[in-house]
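> Below are the sequence and a predicted model; questions follow.
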Amino acid sequence: LSGSLPIITDPASEKNLLEAAKIIRGNLEPVAFPTETVYGLGGSSLSDEAVKSIYRAKNRPSDNPLITHVSSVDQLNRKIYQEKLSSPFQNIPKAYHALISTLWPGPLTILLPVPAAEKSVLSKLTTANQPTFAVRIPSNPIARALIALSDTPIAAPSANASTRPSPTMASHVYHDLNGRIPLILDGGPCKVGVESTVVDGLSKPPMLLRPGGFTYEQILELGGQDWKDCKVERRKAVADGEQVKTPGMKYKHYSPSAKVILLVPEPQRTDSDRIAKLKYLISRELQNEDVNTVKKLAILTSLHLGADEIQDLTLGDSKIKPIAVKLGNSGEEIQANLFAALRQVDEIDNVDLIFVEGISEDREGLAIMNRLRKAAGDHCISF
Ligand code: TXA
Ligand code: MG
């Protein structure tokens, strides 16, 4: 955990990393960088100016706190607690030890108490004035190299414009933030594809605040005794002004411009049942809509559909062009493809209506359905 860093042999990437680190240390503009989950938009967690520049670039409400990214536990102790310690975990409550020993670096975010006011160097804007701060060690080598090279704890929300789906490719960041930020480090597509799992081990029982890259089942299994009765935060929305544990849930999220309809699956349907039901739901929905405005519609599904089957989904209505995108065969594949598929049909294909087939809400399904329910809002129908 003290962090063996990747060796960068490509001089071009080293030059870009150094450039990005320099911007981070300048505290004026945020930099987009890849993580294993989604692209982040980073600036120093210790600087009010840097954090303001992040909120500004993505147009994010400033009462929604940011996750701080460190490259090692050693860096956390040095830069945030400013202490030399006899044991590296001294500042971290025992409840987290088993979890972070196995899941860091990786898509796990934990809440820690903010150090006492006179000792805290964290910007209050990073934490939106909460008594806790969120922190993780990403596993993506470019992310960790950037954090280590700048020797700065980096506050980074997802690098999308606020309310849009999170970016899993550099081109998504470019689409949303072109002209608003000085640099994007391109690390290719993100492997995990949904954001980190946020857990609160300071409360009793411990809570899973946001499902993400590690599953609830993994947290229960690997967290040790303390996590056996970990609960999942289920509240969808809260009243204005109410203090919430995960303030992110107050806001609109993951929304394409096109209307999204989530098909919530009933168990044990055959493929032909699903195709028949899909046709029925599409024709029903098209009668609801002002039909003239739907020229293109997309179906995101784990079904494998041939060209004829796709055309047949709109029952031969030649005025409407259906596009099908296969999301994947497993929870992991669907998770990795989800945001890119939503953006593809919304931003590139410019469809007017998106049907997404959900999956059962266990393992990766919990995070996937959490994001899809937010994207669809009230438009959820049983499938
Ligand atoms: O995978 C990820 O976590 C990505 C990459 C870039 O690391 N980052 C990310 O950040 O998803 P963001 O800002 O989009 O989501 C941060 C989540 C929000 O739901 C926020 O409310 C919650 O973490 N959060 C941050 N600080 C918190 C705190 N002190 N207490 C409770 N929730 C907190
Ligand atoms: Mg986000």
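Yep, that arrived. Ligands and ions are numbered 1, 2, ... in the order given.

> okay, CA-based contacts and neighbour counts for the rest of this
OK.

> now the strands for the stretch 1-150 of the chain?
Secondary structure of the stretch 1-150 of the chain by DSSP state E, counting those that start in this stretch: the strands cover 31-33, 40-44, 67-69, 108-113, 132-136.

> tell me the most buried of these?
Among these, ranked by average contacts under mean count of other Cα atoms under 10 Å, first place goes to strand 40-44 (a mean of 31).

> if you average pLDDT over it, what comes out?
For strand 40-44, the mean per-residue pLDDT is 98.

> Briefly note if it comes near ligand 1.
Yes: against ligand 1, strand 40-44 shows contacts by Cα under 6 Å from any ligand atom at Gly40.

> gap between Leu353 and ligand 1?
Distance of Leu353 to ligand 1, computed by Cα to the nearest ligand atom, to the nearest Å: 25 Å.

> I'd like the numbering to begin with 37 instead of 1 from here.
Got it, the first residue is 37 from now on, which makes the last one we talked about Leu389.

> Would you double-check that Ile335 falls in a helix?
No: under DSSP: H, G, I helix; E, B strand; the rest coil, Ile335 sits outside any helix and is assigned strand.

> so how many other residues sit close to it?
The number of residues packed near Ile335 is 26, by other Cα atoms under 10 Å.

> Does it touch Ile359 like I think?
Yes: Ile335 is within contact range of Ile359, at 6.2 Å (criterion: Cα atoms under 8 Å).

> The strands of the stretch 37-186 of the chain: which one's closest to Tyr252?
strand 144-149 (11.0 Å; Cα to Cα).

> Run the chain-centre distance for that closest one.
16 Å (Cα atoms, centre = their mean, to the nearest Å).

> and the angle for that strand with strand 168-172?
On the basis of axes from the mean of the first three to the mean of the last three Cα atoms, to 10 degrees, strand 144-149 is oriented at 150 degrees to strand 168-172.

> could you dump strand 144-149 to CSV, C-alpha only?
Only the C-alpha atoms of strand 144-149 are listed here, as CSV (Å, rounded to 0.1, in the frame of the first residue of the first chain):
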residue,chain,number,x,y,z
LEU,A,144,-13.7,1.8,-3.0
THR,A,145,-14.3,5.2,-1.3
ILE,A,146,-14.3,5.5,2.5
LEU,A,147,-15.4,8.3,4.8
LEU,A,148,-12.9,9.5,7.4
PRO,A,149,-13.3,12.2,10.0
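
> list the helices and strands that strand packs on?
The criterion is 3 or more Cα pairs under 8 Å, 6 or more residues apart in numbering; DSSP states H and E, and the helices and strands that strand 144-149 contacts are strand 168-172, strand 233-236.

> What strands line up against the last one, and which way round?
By that I understand strand 233-236. Take DSSP bridges as the rule and strand 233-236 pairs in its sheet with strand 144-149 (parallel), strand 243-246 (antiparallel).

> okay if I get the ones you listed as a markdown table plus mean pLDDT and distance to ligand 1?
Formatted as a markdown table, the strands paired with strand 233-236 follow (pLDDT from 0 to 100; distance: least, Cα to the nearest ligand atom, whole Å):
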| stretch | mean pLDDT | distance to ligand 1 |
| --- | --- | --- |
| strand 144-149 | 98 | 6 |
| strand 243-246 | 98 | 7 |
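
> Ok, which of the ones you listed comes nearest Gln304?
Gln304 lies closest to strand 243-246 among the strands paired with strand 233-236, at 27.6 Å (Cα to Cα).

> can you give me how far the closest one is from the chain middle?
Its chain's C-alpha centre and that of strand 243-246 lie 14 Å apart, by Cα atoms, centre = their mean.

> Near ligand 1, which residues of the stretch 87-236 of the chain are found?
For the stretch 87-236 of the chain, the residues in contact with ligand 1 (Cα under 6 Å from any ligand atom) are 100-103, 143, 163, 166, 168-170, 192-194, 231-232.

> One more pass at 5 Å, please.
Contact residues, the stretch 87-236 of the chain versus ligand 1 (Cα under 5 Å from any ligand atom): 101-103, 168-170, 193-194, 231-232.

> list the buried ones in stretch 230-245?
230-238, 242-245 (16 or more other Cα atoms under 10 Å).

> Which two of these have the greatest separation?
Pairwise distances across these (Cα to Cα) peak at 24.1 Å, for the pair Val230 and Leu238.

> Kind regards, and thank you for your time.
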